[in-house]
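[1] whatever this is, show me its structure:
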Amino acid sequence: MTLDPRTPVLVGAGQSLHRASGLDDALDPVALMALAAQEAIADAGLASLEAVDSIRVVGLLSWRYGNAPEVLGARLGLASTEFAYTTMGGNSPQTLVNSTALAIQAGELEVALLSGGEAWRTRMRARKQGVELDWERSPDGSVPRVLGEDLVMNHPSEIARQIVMPVQVYPMFETAIRAAAGRSPEDHLVRISELWSRFSQVAAANPNAWIREAKSAEEIRTVGPDNRMVGLPYAKYMNSNNDVDMGAALLMMSVGTAQRLGVPEDRWVFPYSGTDCHEHQFVSNRWSFHETPAIELGGKLALELAGLGIDDVDLVDLYSCFPAAVQLGAQSLGLDIERQLTLTGGLPFAGGPWNNYVMHAIATMMGALRDRPGARGLVWANGGYTTKHAFGVYSTTPPAQPFRHAYPQDQIDAMPRRELAPPDEAAGPTTIEAYTVMHSREGLPERAIVTCLLADGRRAWGDSVDPAVTAAMCEGEWVGRAIELDAEGTLHLV
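    Sure thing, here's the model as predicted:
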């Protein structure tokens, strides 16, 4: 078949990781990106690349460059007419592929370099040693173009109650998922530890994974010196691992340019379709903690736009910051939890470089699809608290139709939502909907956090630092249990 020269295609992928022995031999995030970008150019079969239309970098946390894509271009000696930087969120790499594919298809771009990187391990080492890093910054006044939707993630009441960390919220999703499935805490812990063991086995075989050590389910669920409890029911191994120095890059262009540059067709991976959407903006307003309707709609639509159903997908990478995310993704997409749901090994084992994990997933997907010509791949990216979603469908087989994209936010916004009751209106007896108990670094339960559903259908937050409460809530199932909230939102056992 003759392809439209405007068809977007991924032609190169690169990944880097650097295990510095100290600060002197450490690499800054752009250096990690540059290594990955050079690998992506070589992966496309190109000896070099002198210019691109756009250098696009995923928003990063370990250093403020001012204009990170401009710094990257200078490091690579690569000219570009545009420098762009995404908003924050783990959905950003897939969203970036979606928006770049649309721009190439529309004739706005011919060649784009997408990259991201974090040196959080080094940044934390420097902080611990009291060392001020002197990494490069862009010239004053140099500002990149901003790409993506900048979404406020926390309701004012969540901020006031200091419920703002993913390590607090995802365990609450987990308890809600467990209760909705009717499993005991013990049985459910076995289930998710077995899921995570399978992920660790994939990471062990992934040369680009940070932790290449297969762990047994028992190791993952057993609390010990190296696996302290963080937020019940998650011990450390079940949490995303951002203590990494990693980079990734993708080279994307039009088919016409790929042909002109002589990129071999066996390097081509086509994005078929993509969608972007988000759940109700604040966790406080979600209808339930064990359902993600935006994943269901966004994923189904991405597949429909590609002319596929979920059973037509051969390779899958689901966002995997915590076990709850994988379960919500699989449930919403109609995927069996027993099948392979990661290509990398996931954020706890392959590495969770903040917003950029999914660029590693897409790079790995490209290699897997090249190894299985004609196979179809699905990537789900997630930002926030399973809040922002991006989907991509990929294959080495040329698409029968142009790249298609949808943003079904109006349908999601019309879905049922809950109002949040202020503490003084929630005071009195109520029932726990979801909960966690946060633990200190010494492994002691120090704060219980709950959401409750009131008789009028509204949701209310509660918490307690009472040692008797936190200890009691570490035993048995507390979803569905009666408690009392006082006018300040402190929970009391009854």
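[2] can I get stretch 483-494 in PDB? Just the C-alpha atoms.
    Taking C-alpha atoms only, stretch 483-494 is exported to PDB below (Å, rounded to 0.1, in the frame of the first residue of the first chain):
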ATOM      1  CA  ILE A 483     -16.900   5.100  63.100                       C
ATOM      2  CA  GLU A 484     -17.600   8.700  64.300                       C
ATOM      3  CA  LEU A 485     -16.200  11.900  62.900                       C
ATOM      4  CA  ASP A 486     -16.000  15.000  65.100                       C
ATOM      5  CA  ALA A 487     -16.400  18.600  63.900                       C
ATOM      6  CA  GLU A 488     -12.700  18.800  63.100                       C
ATOM      7  CA  GLY A 489     -12.700  15.700  61.000                       C
ATOM      8  CA  THR A 490     -10.900  13.500  63.600                       C
ATOM      9  CA  LEU A 491     -12.100   9.900  63.400                       C
ATOM     10  CA  HIS A 492     -13.000   8.000  66.600                       C
ATOM     11  CA  LEU A 493     -13.600   4.300  66.900                       C
ATOM     12  CA  VAL A 494     -17.000   3.100  68.200                       C
END
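[3] longest strand in the protein, please.
    strand 428-439 (DSSP state E).
[4] how far away from the center of its chain is that strand?
    26 Å (C-alpha atoms, centre = their mean, to the nearest Å).
[5] helix or strand right after that strand?
    Sequence order places strand 445-453 as the next helix or strand after strand 428-439, per DSSP states H and E.
[6] where in the protein is pLDDT low?
    Flagging of the chain using pLDDT under 70 yields the residue ranges 1.
[7] one more pass at 90, please.
    Applying pLDDT under 90 to the chain flags residues 1-2, 149-150.
[8] those helices in the stretch 351-494 of the chain, which residues are they?
    357-371, 409-413, 423-426, 467-472 (DSSP state H, counting those that start in this stretch).
[9] closest to Val393 out of those helices?
    Closest approach to Val393 among those is made by helix 357-371 (10.4 Å; C-beta to C-beta). All C-beta spots, glycine's among them, are computed from the backbone N, C-alpha and C.
[10] now for that closest one, which elements pack on it?
    strand 8-17, helix 92-105, strand 111-119, strand 245-254, strand 315-317, strand 376-383, strand 388-395 (3 or more C-beta pairs under 8 Å, 6 or more residues apart in numbering; DSSP states H and E).
[11] can you give me the buried ones in it?
    357-366, 368-370 (16 or more other C-beta atoms under 10 Å).
[12] same question for stretch 443-460.
    For stretch 443-460, by 16+ other C-beta under 10 Å, it's 445, 447-454, 458-460.
[13] check stretch 314-330 too.
    Neighbour counts over stretch 314-330 (16+ other C-beta under 10 Å) mark 315-330 as buried.
[14] hmm, back to that, now for the helices and strands packed on helix 357-371, which one comes closest to His439?
    Of all the helices and strands packed on helix 357-371, strand 376-383 sits nearest to His439, with 24.6 Å by C-beta to C-beta.
[15] just the CA trace of that closest one, in CSV.
    What follows is strand 376-383, C-alpha atoms only, in CSV (Å, rounded to 0.1, in the frame of the first residue of the first chain):
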residue,chain,number,x,y,z
ARG,A,376,-0.5,-4.5,18.2
GLY,A,377,0.4,-2.7,21.4
LEU,A,378,-1.5,-0.6,23.9
VAL,A,379,0.1,1.9,26.3
TRP,A,380,-1.8,3.5,29.2
ALA,A,381,-0.2,6.5,30.9
ASN,A,382,-1.4,8.0,34.1
GLY,A,383,-0.8,11.2,36.0
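[16] okay, now the sheet partners of it, with direction.
    strand 315-317 (parallel), strand 388-395 (antiparallel) (DSSP bridges).
[17] is it true that Gln259 touches Pro5?
    Yes - with contact defined as C-beta atoms under 8 Å, Gln259 reaches Pro5; the gap is 7.4 Å.
[18] the residue nearest to Leu250 when sequence neighbours are not counted: what's it in contact with?
    Once flanking residues are discounted, Leu250 sits nearest to Leu114: 4.4 Å by C-beta to C-beta, 6 or more residues apart in numbering. Contacts for Leu114 (C-beta atoms under 8 Å, 6 or more residues apart in numbering) come out as 56-58, 93, 96-97, 100, 249-252, 359.
[19] again, 7 Å this time
    56, 96-97, 100, 249-250, 252, 359 (C-beta atoms under 7 Å, 6 or more residues apart in numbering).
[20] type out the ChimeraX command that picks the buried ones from these.
    ChimeraX command restricting the contacts of Leu114 to the buried ones, with burial defined by 16+ other C-beta under 10 Å:
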select :56,96,97,100,249,250,252,359
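[21] the contacts of Leu114 into a markdown table, with extra columns for distance to Thr81?
    Listed next are those as a markdown table, based on distance: C-beta to C-beta, whole Å:
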| residue | distance to Thr81 |
| --- | --- |
| Arg56 | 12 |
| Leu96 | 17 |
| Val97 | 20 |
| Thr100 | 14 |
| Ala249 | 19 |
| Leu250 | 19 |
| Met252 | 15 |
| Met359 | 22 |
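[22] out of the contacts of Leu114, who's nearest Ile220?
    Closest to Ile220, out of all of those and judged by C-beta to C-beta, is Met359, at 25.8 Å.
[23] the closest one: what's it in contact with?
    Contacts of Met359 (C-beta under 7 Å, 6+ apart): 58, 93, 114, 116, 248, 250.
[24] report back the residue of the chain that's furthest from centre.
    Val494 (38.5 Å; C-alpha atoms, centre = their mean).
[25] hang on, that one packs against Ala472?
    No - using C-beta atoms under 7 Å, Val494 is not in contact with Ala472; the gap is 11.5 Å.
[26] so Val263, which of the three states?
    At Val263 the chain is in coil, as set by DSSP: H, G, I helix; E, B strand; the rest coil.
[27] what residues are bridge-paired with the closest residue to Ala68 other than its chain neighbours?
    The shortest distance from Ala68 to any residue other than its chain neighbours is 4.6 Å, reached at Val57 (C-beta to C-beta, 6+ apart). Using DSSP bridges, the bridge partners assigned to Val57 are Tyr85, Ser115.
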